[in-house]
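Could you work out the structure for the sequence below:
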Amino acid sequence: MRTTTGWQADGPATLRRTELKRRDLRPDDLAVRIDYCGVCHSDLHAIRHQDSAAGALVPGHEFTGVVTETGPAVTRFAPGDPVAVGNIVDSCGECGMCRAGQENFCHAFPTLTYGGTDRLDGSTTLGGFSREYVVREGFAYPLPSGLDPAAAAPLLCAGVTVWEPLRALGVGPGSRVAVAGLGGLGHLAVRMAVALGATTSVISRSSGKADDARRLGAHGFVVSTDPDQVAAARDTFDVVIDTISAPHDLGPYLRLVAMDGTLSHLGHLGPVTVDTMDLLLGRKKLSSAGSGGRPATAAMLEFCAEHGITAEIELLPSARVNEALDRLGRNDVRYRFVLDLSDLS
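The predicted structure is shown next:
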């Protein structure tokens with residue numbers, strides 16, 4: 001076994017620095033020195049809802065770093081290569097979804113970067129809040145030159161989560177897109193939609209982020225608590241990307257969707273109630289998406305490099321991880337915390 005250092009939660013409490021074990025390299029494995037890891041709402045959720053009987057939890061599933069060692073069967077990477085790793089590190093490779101390049105929808109469920117079950121030895125995966133990660137070559141991605149590695153880390157979760165529906169729904173020149181919620185997912189959705197050529201608006205509860213929306217490239221801004229603005233925007237958007245993380249009524253957002261358009265519900269993963277009339281009046285569609293398969297993730301990174309898209313981040317030394325989680329719980333970040341793991345060396 002290999003030894004590294006990371007931040008571990010043994011229950012719904014603060015994380016502590018501790019020694020971690022990684023597997024010895026298999027033939028198709030890379031050892032990656034993690035330099036930067038994003039802090040996602042799902043990390044906070046996992047910590048708060050952890051069952052201590054389930055064992056140790058090391059969060060972190062969007063990170064960039066450098067290859068330090070490779071297994072003998074690795075052909076795409078060499079020591080010294082910059083790489084990125086997201087929230088999926090394996091899948092069955094055999095089901096229809098995997099064959100279609102949608103490993104994120106693997107019928108046997110993908111192996112997650114943390115809290116997952118290794119398909120060979122049955123161990124629980126430990127995440128990227130650590131100095132080293134061992135990952136299969138096929139689930140690591142070359143980090144394109146020109147992308148700042150710290151600001152690129154959130155692309156591997158937040159970025160690909162919004163990229164997947166934008167591409168699946170055919171967003172491009174002539175599309176009218178609205179992004180509900182300007183947070184970690186939402187600000188990347190705005191940047192990507194604009195770069196794809198869409199006329200892009202932001203929907204927010206107040207006007208407080210209007211300047212940020214314009215700076216990110218948005219063409220319009222709708223205050224969802226202003227009845228006049230909402231009425232003016234009714235049946236306007238071909239695609240609404242809903243990144244709001246708290247439970248909320250989907251009806252008002254469906255009413256903003258144009259005829260034959262789609263509301264893509266991404267931010268809150270839980271039960272929803274929909275009035276069929278909100279779908280019927282305009283032949284509207286409700287969809288969702290989660291993460292991305294390997295081809296989409298690679299394409300997203302290349303697109304972001306071509307268009308200079310990265311996350312807006314606040315970079316903190318990893319020793320301040322508990323501060324980052326506390327502030328994230330209060331939505332006190334614009335727009336993504338990223339941990340600098342160099343202080344674990």
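
What segments of the stretch 151-300 of the chain are helices?
With DSSP state H, counting those that start in this stretch as the criterion, the stretch 151-300 of the chain has helices at 158-168, 184-195, 210-215, 227-232, 251-254, 276-280, 294-307.

Just the buried residues of stretch 228-237, please?
Within stretch 228-237, the residues scored as buried using 16 or more other Cβ atoms under 10 Å are Val230, Ala233, Thr236, Phe237. All C-beta atoms are positioned from the backbone trio N, CA, C, and that covers glycine.

Including distance to Arg215 and pLDDT, could those residues go into a markdown table?
Listed next are these as a markdown table, based on distance: Cβ to Cβ, whole Å; pLDDT from 0 to 100:
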| residue | distance to Arg215 | pLDDT |
| --- | --- | --- |
| Val230 | 24 | 98 |
| Ala233 | 21 | 98 |
| Thr236 | 22 | 97 |
| Phe237 | 21 | 98 |
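
quick check, nearest of the residues you listed to Met192?
Distance to Met192 across the buried residues of stretch 228-237 (Cβ to Cβ) is lowest for Phe237, with 15.5 Å.

Hmm, that closest one is touching Arg255, no?
No. Shown here, Phe237 and Arg255 do not form a contact pair, counting by Cβ atoms under 8 Å, at 10.4 Å.

so which of the helices of the stretch 151-300 of the chain gets nearest Gly267?
Closest to Gly267 of the helices of the stretch 151-300 of the chain is helix 184-195 (Cβ to Cβ; 6.4 Å).

so for that closest one, what's the average pLDDT?
For helix 184-195, the mean pLDDT works out to 98.

With stretch 332-345 instead?
pLDDT averaged over stretch 332-345 gives 97.

got the buried residues for that stretch?
When burial is assessed from 16+ other Cβ under 10 Å, stretch 332-345 yields the following buried residues: Val333, Tyr335, Arg336, Phe337, Val338, Leu339, Asp340, Leu341, Leu344.

got a markdown table for those residues, with distance to Ser206 and secondary structure too?
What follows is the buried residues of stretch 332-345, written out as a markdown table (distance: Cβ to Cβ, whole Å; DSSP: H, G, I helix; E, B strand; the rest coil):
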| residue | distance to Ser206 | secondary structure |
| --- | --- | --- |
| Val333 | 17 | coil |
| Tyr335 | 16 | coil |
| Arg336 | 21 | strand |
| Phe337 | 23 | strand |
| Val338 | 26 | strand |
| Leu339 | 30 | strand |
| Asp340 | 32 | strand |
| Leu341 | 35 | helix |
| Leu344 | 39 | helix |
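
And these, which is closest to Asp249?
Tyr335 (24.3 Å).

Gly65 versus the residue located most distally from the centre of the chain, what's the distance?
Distance from the centre of the chain peaks at Asp228, with 33.3 Å (Cα atoms, centre = their mean). Distance of Asp228 to Gly65, given as Cβ to Cβ, to the nearest Å: 49 Å.

Cross the buried residues of stretch 228-237 against strands and list the overlap.
Among the buried residues of stretch 228-237, the members found in strands (DSSP state E) are Phe237.

now the buried residues of stretch 228-237 as JSON lines including distance to Met192?
Rendered in JSON lines, the data for these read as follows (distance: Cβ to Cβ, whole Å):
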{"residue": "Val230", "distance to Met192": "25"}
{"residue": "Ala233", "distance to Met192": "21"}
{"residue": "Thr236", "distance to Met192": "20"}
{"residue": "Phe237", "distance to Met192": "16"}
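
Just the closest of the buried residues of stretch 228-237 to Arg327, please.
Checking the buried residues of stretch 228-237 against Arg327 with Cβ to Cβ, the nearest one is Val230 at 30.7 Å.

May I have the residues that are in contact with that closest one?
Val230 sits next to Val222, Ser224, Pro252, Arg255, Leu256 when contact means Cβ atoms under 8 Å, 6 or more residues apart in numbering.

Please repeat the previous calculation with a cut-off of 7 Å.
Neighbour list for Val230: Val222, Ser224, Pro252 [criterion: Cβ atoms under 7 Å, 6 or more residues apart in numbering].

For those, which ChimeraX command selects only the ones that are buried?
To isolate the buried members of the contacts of Val230 in ChimeraX, using 16+ other Cβ under 10 Å:
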select :222,224
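
I'd like the contacts of Val230 laid out as TSV, including distance to Glu69 and pLDDT.
Below are the contacts of Val230 laid out as TSV (distance: Cβ to Cβ, whole Å; pLDDT from 0 to 100):
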residue	distance to Glu69	pLDDT
Val222	51	98
Ser224	50	97
Pro252	52	97
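
Tell me the one of the contacts of Val230 nearest Cys95?
Among these, Pro252 lies closest to Cys95 (Cβ to Cβ), at 37.1 Å.

And for Arg215, the neighbour number?
Other residues near Arg215 come to 12 when the count uses other Cβ atoms under 10 Å.

State the distance from it to Val194.
11 Å.

now swap in Ile203 and tell me
Using Cβ to Cβ, Ile203 is found at 15 Å from Val194.

Understood, closing this out.
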